[in-house]
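Peer 1: How does the following fold in three dimensions:
(2 chains)
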Amino acid sequence: MNWDALRLSLQVTAVATLLIVVVGLPLALLLARRRFRGQTLLETLISLPLVLPPTVVGYYLLLFLGRNGPVVGWLDVQLLFTWGAAALASAIVGLPLLVLSARAAFAGVDRSLENAARTLGSSELEVLWRVTLPLARRGILAGLVLAAARALGEFGATLMVAGNIPGRTQTLPLAIYDAVQNRDYAQANAMVLAMTALAFLSLWAARRFERGGARPAEAGSGRSE
Amino acid sequence: MADQSSRQGPAGARLTVDVEKRLPGLDLRVQLAVDSEILVLFGPSGAGKTTTLNLIAGLATPDAGSISLDDQVLLRKNRAGAALDVPARRRRIGYVFQQYALFPHLTALENVAYPLRSGRLGRRSPDAAPRARALLARMHMEHLALRYPHELSGGQQQRVAIARALAAEPRVLLLDEPFAALDSAVRERLQLDLAALQAEQRLVVIYVTHRLEDAFAIGHRLAILSDGQVQQIGRIDEVFRQPANSHVAQVMGLHNLFEARVLAVSPEHLLLDWDGLLVEAPPQAADVGAAVTAYIRPEDVKFLYPDRPLMGAVQHNQAAGVVLGQQASASFQRWRVLLSNGCEIEVRAPDHTYASLPLQAGQPVQVSLRKDAVVVLRPLLGAPL
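Peer 2: Predicted coordinates for the structure are as follows:
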C-alpha cells in the first residue's frame, strides 16, 4: 500500500472539494436566479470539462499555470508540478458536476418561501442560510459527492500539470498506474481496493446522511394538498 | 367587549398607499388609505390585486409613488429614481400567501418561531419557543406544533401561516386569497378568528379576494380593483347599493342582486321568497322570516329548452319570463329577462350556447337559477372601529 499516495489523494480531494464549493455554489445560485448577457457562454465554459478529454483540460492548465501564463506572470506563484496544481485540476473537472446539480436545486426552491422569509424580517443572507440552502440541500449534497468522487479519481489532467512525483504529486490513481506499469500487482490490488472503498464509503455516507437528516421526508411535496 | 379590549390594546395605525407600476398588459395605479380595519380588496383575476400587495410588502418596487405607515415613510419614489425604499424585512408588514408558503423543512412550531430568531426581532430571543407556542395556541394549533407542513391540512397550514406572520409583530397584515382553497366551514371559522385577531391587535388588514361573499363575511370596507385602478372604496353596503360606475356594478356582478325573505331552513336547502318567486339556495344558517340580500351570477342563470328533459342542476328554481333585450360583447352574449315576479335578471353565456333557441326581444322563455349558485350574503360583522 502506497500510504503517501493515499494521503496525497485525500489532501488533493479535500482542497479541490473546498474550491468547488466556494466557487461552485455562488455560480450555481447566479445561474439559477439571474438572466444576464453571456450566460449561455458561461454555462458552456463551466460544463466543457465534462466532455473534453482530461489531457486537453490539462494542456490549458499547463498554459495557464506555466512560465508565460498569468499565474506566474501576475501573481508570481509557481503551482506547476506541485500538489496544488493537482488540486486545481481536480477542482476544474469536478466543478460542473456540482454546478449543474446545485443549480437545479436552487431553481427548484419556491420563491414565495424566500419572499415569506423577507416579510418575516430576514436579510438576504439570512434567507439564503435559513431557507434557500436548507431547501436546496439534497441537490447540493448530491452534486458535491459526485464532484468529490470525480476529483478523487482525477488522472489525466493531474498527470499533465502535476506530474507523477512519488511522495509529492503522485495521487492514488497515478500510483495505481505506476504499479501496474511495474507489474507490482500486490500494490495495485491494495490501492484499487482502497479507491473502491473510498468511493463506496462516500456515496454510502451521503445516502445515510440524507436519510438520517430526512426530517421533512418529502420537502417538495409537502405543500401539495 | 371588543371595544374595551381594543382600547387597552395597541394603538391603531394608518397605511397610505399611492403607487403606480406598469406591467405587461396592465397599468396599475392604486391609491388607498387603510386604518385599523379589514379592507377587502376585491376584483377579477388579473386586476392587479397580488401585485398591489407585493408593492405594499416591499416584494416588488413601483415605478413611482409613496407608501407610509402612520408617519413612517416606507417608500418614496418618483420616476427619476428611488428616494427611499425600506426593505421588506423592516416594513413590519405581515403577508399570508394563498399557498400558505410554510417552510417545508421546519415544524409548525419552528415556522412560527422563525421570525423570533431573525434579524428584526432577533438577537435570538430566549423566549422564542414559548412565544411561538402561545401564538400557535392563539390559532388553536398548539396540539400540532411538532408536525411538518406536509402533515397538516390546508386549513391547519393557513393557521400556522397566520401565527407565523403575527410572530413578527406586524402592524399591517396582507392576505392574498388566504382561504380560497379551503372548504366553506373551515373558511368561515378562519374568517371569524381573523376578525377577532384584527380587533384585538388593531391591525391594518388588507384581504384580497375574488369572492364577493368574503367581503360580506369579513370586510369592514370594500375596495373594488379593476383594470389596475381602485374604482370605488367604501362601506360594503354603500358600494353595493351605489356602485360608483357601471364598471363596478359589472365587476361585482350586481345585475342579479335581489332582496328576499327566508321562508324555510332545512338541511337540504334554504328556501327564499323573492317577490313571489320561490328560490332554493344551498343550505346555511339563517332565521326564518329574515330579510336577506342574495345574488346569482349571470352565468349561472340558464335558459331552458322546452323540448329537452331537465338535468339535475337546472331542475330547481325555474321561472317564466320574457326576453327584454340582447347584447353581444367580445365572446359573450347577455340577455335581460323580465321574470314573472316583475323583477329583471341578467343571463350571460358564451356565444353559440343557445344557438338553436329563439331569444329575441319579446320571446317568452323559461329560465333556471342554478341552486348551488344562489349566494345569500351574510350580514356585516360590524362597522369599522
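Peer 1: Around chain A, which positions in the stretch 1-150 of chain B sit nearby?
Peer 2: Proximity of the stretch 1-150 of chain B to chain A (CB under 8 Å from any CB of the partner chain) is limited to residues B:57-59, B:87-91, B:93-95, B:97, B:99-106, B:114-115, B:118-122, B:148-150. Every residue, glycine included, has its C-beta placed from N, CA and C.
Peer 1: Repeat the analysis, applying 10 Å as the threshold.
Peer 2: Where the stretch 1-150 of chain B comes near chain A, counting by CB under 10 Å from any CB of the partner chain, the residues are B:54, B:57-60, B:87-107, B:111, B:114-122, B:148-150.
Peer 1: Just the buried ones from these, in ChimeraX syntax?
Peer 2: In ChimeraX, a selection of the buried entries from the residues of the stretch 1-150 of chain B next to chain A looks like this (16 or more other CB atoms under 10 Å in any protein chain shown):
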select /B:54,57,58,59,60,88,89,91,92,93,94,95,96,97,98,99,100,101,102,103,104,105,106,107,111,114,115,116,117,118,120,121,148,149,150
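Peer 1: Can you tell me which of the residues of the stretch 1-150 of chain B next to chain A end up in strands?
Peer 2: Judged by DSSP state E, the residues of the stretch 1-150 of chain B next to chain A include B:93-96 as members of strands.
Peer 1: so how far is residue B:176 from the residue of the stretch 1-150 of chain B found nearest chain A?
Peer 2: Nearest residue of the stretch 1-150 of chain B to chain A, counting by CB to the nearest CB: residue B:150, 2.8 Å away. Using CB to CB, to the nearest Å, residue B:150 is found at 21 Å from residue B:176.
Peer 1: got it, and residue A:144?
Peer 2: Distance, residue A:144 to residue B:176, using CB to CB: 37 Å.
Peer 1: Alpha carbons only: can I get stretch A:138-152 in PDB?
Peer 2: Below are the C-alpha coordinates for stretch A:138-152, written out as PDB (Å, rounded to 0.1, in the frame of the first residue of the first chain):
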ATOM      1  CA  ARG A 138     -30.300  17.500  -1.300                       C
ATOM      2  CA  GLY A 139     -29.300  18.600  -4.800                       C
ATOM      3  CA  ILE A 140     -26.200  20.400  -3.400                       C
ATOM      4  CA  LEU A 141     -25.100  17.300  -1.500                       C
ATOM      5  CA  ALA A 142     -25.700  15.000  -4.400                       C
ATOM      6  CA  GLY A 143     -23.600  17.300  -6.700                       C
ATOM      7  CA  LEU A 144     -20.900  17.600  -4.100                       C
ATOM      8  CA  VAL A 145     -20.500  13.900  -3.600                       C
ATOM      9  CA  LEU A 146     -20.200  13.400  -7.400                       C
ATOM     10  CA  ALA A 147     -17.800  16.300  -7.700                       C
ATOM     11  CA  ALA A 148     -15.600  15.000  -4.900                       C
ATOM     12  CA  ALA A 149     -15.600  11.500  -6.300                       C
ATOM     13  CA  ARG A 150     -14.600  12.900  -9.700                       C
ATOM     14  CA  ALA A 151     -11.800  14.900  -8.000                       C
ATOM     15  CA  LEU A 152     -10.600  11.800  -6.200                       C
END
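Peer 1: Based on its surroundings, how many neighbours for the nearest residue to residue B:372 once chain neighbours are set aside?
Peer 2: Residue nearest to residue B:372 in three dimensions, not counting chain neighbours: residue B:282, with 5.7 Å by CB to CB, 6 or more residues apart in numbering or on different chains. Residue B:282 has 14 neighbours, counted by other CB atoms under 10 Å in any protein chain shown.
Peer 1: State which strand of chain B is the longest.
Peer 2: Criterion DSSP E: the longest strand present in chain B is strand B:318-328.
Peer 1: Show me the shaky parts of the stretch 201-350 of chain B.
Peer 2: Scanning the stretch 201-350 of chain B for pLDDT under 70 picks out the ranges B:241, B:246, B:253-255, B:311-314, B:330.
Peer 1: Which single residue of it approaches chain A most closely?
Peer 2: The nearest approach of the stretch 201-350 of chain B to chain A comes at residue B:206, 13.3 Å away (CB to the nearest CB).
Peer 1: Could you list the paired strands of the helix or strand hosting that residue along with their orientation?
Peer 2: Using DSSP states H and E, the element containing residue B:206 is strand B:204-209. Neighbouring strands of strand B:204-209 in its sheet, by DSSP bridges, are strand B:38-42 (parallel), strand B:172-176 (parallel).
Peer 1: who does the host helix or strand of residue B:271 pair up with?
Peer 2: Per DSSP H and E: residue B:271 is located in strand B:270-274. Using DSSP bridges, strand B:270-274 pairs in its sheet with strand B:257-265 (antiparallel), strand B:277-281 (antiparallel).
Peer 1: Would you map the helices across the chain?
Peer 2: The chain I'm using is chain A. With helices called from DSSP state H, chain A shows them at A:3-33, A:39-51, A:54-65, A:70-75, A:83-107, A:111-119, A:124-127, A:133-152, A:156-162, A:172-181, A:185-212.
Peer 1: ah, I was thinking of chain B
Peer 2: Ranges of helices within chain B are B:2-8, B:49-57, B:108-113, B:128-138, B:154-167, B:184-201, B:212-218, B:236-241, B:246-251, based on DSSP H.
Peer 1: still on that earlier bit, can I get the strands paired with strand B:204-209 in TSV including distance to residue B:371?
Peer 2: Below are the strands paired with strand B:204-209 laid out as TSV (distance: least, CB to CB, whole Å):
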stretch	distance to residue B:371
strand B:38-42	24
strand B:172-176	30
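Peer 1: And the ones you listed: which comes nearest residue A:91?
Peer 2: Between residue A:91 and the strands paired with strand B:204-209, the shortest separation by CB to CB is 44.5 Å, and it involves strand B:172-176.
Peer 1: between the closest one and helix B:154-167, how many degrees?
Peer 2: On the basis of axes from the mean of the first three to the mean of the last three CA atoms, to 10 degrees, strand B:172-176 is oriented at 160 degrees to helix B:154-167.
Peer 1: hmm, back to that, mean pLDDT lowest for which of the helices of chain A?
Peer 2: Least confident of the helices of chain A, judged by mean pLDDT, is helix A:70-75 with a mean of 79.
Peer 1: quick one: buried residues of that helix?
Peer 2: For helix A:70-75, a neighbour-count test (16+ other CB under 10 Å) marks A:71-72 as buried.
Peer 1: May I have it as CSV, with CA atoms only?
Peer 2: Written as CSV, here are the backbone C-alpha positions of helix A:70-75 (Å, rounded to 0.1, in the frame of the first residue of the first chain):
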residue,chain,number,x,y,z
PRO,A,70,-0.9,34.8,-15.8
VAL,A,71,-0.4,32.9,-12.6
VAL,A,72,3.4,33.2,-12.8
GLY,A,73,3.4,36.5,-14.7
TRP,A,74,1.0,38.4,-12.4
LEU,A,75,1.0,36.6,-9.1
